[in-house]
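>>> here is the input, now give the coordinates:
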Amino acid sequence: MHVHFIAIGGSAMHNLAIALSRKGVKVTGSDDEIFEPSKSRLEKQGILPAQLGWDAESITSSLDAVILGMHAREDNPELLKAKELGLKIFSYPEYLYEQSKKKIRIVIGGSHGKTTITSMLLHAINKLNIDVDYMVGAQLEGYDCMVKLSDSAKYMILEGDEYLSSPIDRRPKFHLYKPHVAIISGIAWDHINVFPTFENYVLQFEKFCELIEPNGKLIYNQEDTEVAKLGSAFTSKIQTISYQTPEFEPSENGTILSWNNKQYSLLVFGPHNLQNLIGAMRLAETMEISNHDFLNAMSDFTGAGKRLQKVIEKSSFTMFKDFAHSPSKLKATTTAVKHQYERRKLIACMELHTFSSLKKEFLPHYNDSMNKADHALVYFNPKVVAHKKLEPISESQVLAGFGGNVKVVTSTEEVFQFIKQFDLKNSVLLMMSSGNFDGIDYDQFGEELCATV
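Next comes the predicted model:
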């Protein structure tokens with residue numbers, strides 16, 4: 001079997017390409033730019049394109065399938081040739097569905113918490129030696145590829161992103177998976193360049209629920225207002241299972257969780273993380289994993305990739321980095337850290353980096369999202385705003401959007417100055433961004449700060 005990838009260098013696409021190659025499929029691909037770590041991983045697997053660029057001659061009638069990535073454009077010469085030849089053209093999620101038609105599909109959806117819940121479930125499954133196929137949207141520690149495809153696994157675990165499937169398929173990715181078991185962790189307006197209103201965004205999750213297979217299950221977070229509405233609406237149509245934040249206490253190393261009259265020691269902390277943990281546990285139940293076995297397996301789970309990762313720790317100073325960028329994620333992350341370190345000063349810095357976060361109209365959604373921090377900073381780069389072809393935003397607009405309780409800066413040097421002005425003894429520093437504040441080396445910066453404590 002021969003499958004060709006158009007835009008093979010994408011973070012999701014290259015993982016699928018590697019997984020298919022490991023399964024024994026002949027894989028070729030193309031792209032006009034391939035960055036690290038995709039480049040090294042494709043090269044190691046022996047499927048890195050020999051040269052950059054598009055070549056219509058590489059598309060022949062001998063191909064069994066073409067997989068189209070979001071990075072490609074509708075007028076891509078390889079795509080046009082594939083259409084001309086009448087080849088089977090799949091989006092990334094479409095092909096994952098094709099590979100999992102005969103499996104029990106478990107799909108993790110939600111505006112936030114998807115990667116954490118998926119990684120928690122996989123962590124327990126791995127420790128309990130259960131064979132599963134999977135797709136995760138972020139690089140997780142201990143995995144060299146975030147897609148696994150086999151003929152033997154009974155289950156396929158899929159992180160269900162609501163973003164678009166491909167340049168020629170404008171459906172949200174999670175609409176293509178048709179789950180037997182689905183979870184929705186939370187709904188907070190995101191991807192506003194695609195979903196112009198909150199109502200339109202919520203509608204995508206309603207459609208996701210409608211696509212659950214007959215006799216399927218919907219697991220939902222009852223503490224989220226919009227999710228709870230969906231749970232109630234679908235109770236008469238499919239089996240619905242609610243979950244909420246469990247009883248717990250912070251400990252020196254993380255959390256003591258109380259469940260069924262037993263206590264479990266965990267390394268993760270914060271209400272949001274523990275809410276996600278119970279969501280993952282409910283998914284595990286559908287795989288016949290007992291609550292006790294799941295919680296025992298979670299004892300050494302430290303977190304998902306780029307989600308509240310500890311950069312450095314001294315007795316009186318701790319630094320975290322986190323992927324948080326949307327209002328709901330900022331609020332959940334700052335709340336979690338302050339809850340865990342309530343007697344310490346919390347210094348929180350975030351970067352407006354995504355398309356949604358840099359839109360003037362979206363800024364008011366950040367109101368009070370960093371209130372739990374003792375000192376808060378928001379950074380944005382005007383050049384990034386221009387590069388994304390967005391209307392310019394001012395520091396005063398950002399300040400107003402956050403409710404006036406943050407310092408707003410536009411240079412990396414100002415970020416350094418803000419942090420270094422504080423006595424960092426008995427404090428926690430939280431750096432939140434889907435980027436890196438335009439060049440901050442977190443490990444090096446953490447070492448530098450530790451030397452001053």
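>>> which parts of the stretch 301-450 of the chain are helices?
Under the criterion DSSP state H, counting those that start in this stretch, helices of the stretch 301-450 of the chain are mapped to 327-340, 382-387, 395-401, 412-420, 442-450.
>>> list the contacts for the residue lying closest to residue 343 once chain neighbours are set aside?
Spatially, and ignoring its direct neighbours in sequence, residue 343 is nearest to residue 426 (7.6 Å; Cβ to Cβ, 6 or more residues apart in numbering). Where you see a C-beta, it was placed from the backbone N, CA and C, and this is true even at glycine. The contact partners of residue 426, by Cβ atoms under 8 Å, 6 or more residues apart in numbering, come to 316-317, 343-345.
>>> just the closest of those residues to residue 35, please.
Lowest distance from residue 35 to those (Cβ to Cβ) belongs to residue 317, with 33.2 Å.
>>> quick check, the closest one in contact with residue 449.
Yes - with contact defined as Cβ atoms under 8 Å, residue 317 counts as touching residue 449 (7.0 Å).
>>> same list (the helices of the stretch 301-450 of the chain) but as CSV, adding distance to residue 291 and mean neighbour count.
Listed next are these as CSV, based on distance: least, Cβ to Cβ, whole Å; neighbours: other Cβ atoms under 10 Å:
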stretch, distance to residue 291, mean neighbour count
helix 327-340, 23, 23
helix 382-387, 45, 14
helix 395-401, 42, 16
helix 412-420, 42, 15
helix 442-450, 36, 16
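>>> between the ones you listed, which one is nearest to residue 54?
Judged by Cβ to Cβ, the one of the helices of the stretch 301-450 of the chain that comes nearest to residue 54 is helix 382-387, at 23.1 Å.
>>> average pLDDT across that closest one?
Helix 382-387 shows a mean pLDDT of 92.
>>> check the offset of that helix from the chain's centre.
Mean-position distance between helix 382-387 and its chain equals 24 Å (Cα atoms, centre = their mean, to the nearest Å).
>>> hmm, who's touching that helix?
Counting by Cβ under 8 Å, 6+ apart, residues outside helix 382-387 touching it are 353, 358, 391-393, 410.
>>> let's see it at 7 Å
353, 358, 392-393, 410 (Cβ atoms under 7 Å, 6 or more residues apart in numbering).
>>> ok, stretch 357-367 next?
By Cβ under 7 Å, 6+ apart, the list of residues contacting stretch 357-367 reads 189, 192, 325, 327, 352, 356, 380, 384-385, 388, 390-391, 393, 397-398, 401-403.
>>> go through it and flag the buried ones.
Neighbour counts over stretch 357-367 (16 or more other Cβ atoms under 10 Å) mark 357-359, 362-363, 365-366 as buried.
>>> end-to-end on that stretch?
End-to-end span of stretch 357-367 (Cα to Cα, to the nearest Å): 12 Å.
>>> quick check: mean pLDDT of that stretch?
92.
>>> just the element for the residue nearest in space to the middle of the chain, please.
In the chain, the residue lying closest to the centroid (Cα atoms, centre = their mean) is residue 115, at 4.5 Å. In the assignment (DSSP states H and E), residue 115 maps to helix 114-127.
>>> thinking again about what came up before, overlap in contacts of residue 317 and residue 449?
Common neighbours of residue 317 and residue 449 (Cβ under 7 Å, 6+ apart) are residue 424.
>>> only whichever of the contacts of residue 426 are buried, select them in PyMOL.
To isolate the buried ones among these in PyMOL, judged by 16+ other Cβ under 10 Å, type:
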select buried, resi 317+344+345
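>>> neighbours around residue 177, how many?
25 (other Cβ atoms under 10 Å).
>>> how about it, secondary structure?
Following DSSP: H, G, I helix; E, B strand; the rest coil, residue 177 is assigned to coil.
>>> how close does residue 285 sit to residue 386?
Using Cβ to Cβ, to the nearest Å, residue 285 is found at 49 Å from residue 386.
>>> swap in residue 433?
Relative to residue 386, and taking Cβ to Cβ, residue 433 is found at 19 Å.
>>> can I get the buried residues of stretch 357-367 in a markdown table with distance to residue 35?
Converted to a markdown table, the buried residues of stretch 357-367 look like this (distance: Cβ to Cβ, whole Å):
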| residue | distance to residue 35 |
| --- | --- |
| 357 | 22 |
| 358 | 22 |
| 359 | 26 |
| 362 | 27 |
| 363 | 30 |
| 365 | 30 |
| 366 | 29 |
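>>> check those residues and tell me the two furthest apart.
Farthest-apart pair in the buried residues of stretch 357-367 is 358 and 365; separation 12.4 Å (Cβ to Cβ).
>>> do you know the pLDDT at the residue nearest to the centre of the chain?
Value for residue 115, per-residue pLDDT: 90.
>>> for residue 306, same thing?
The predicted local confidence for residue 306 is 67.
>>> and the one 3 residues further on, by the same measure?
The model reports residue 309 with a pLDDT of 87.
>>> wait, it touches residue 318, no?
No - with contact defined as Cβ atoms under 7 Å, residue 309 does not reach residue 318; the gap is 11.4 Å.
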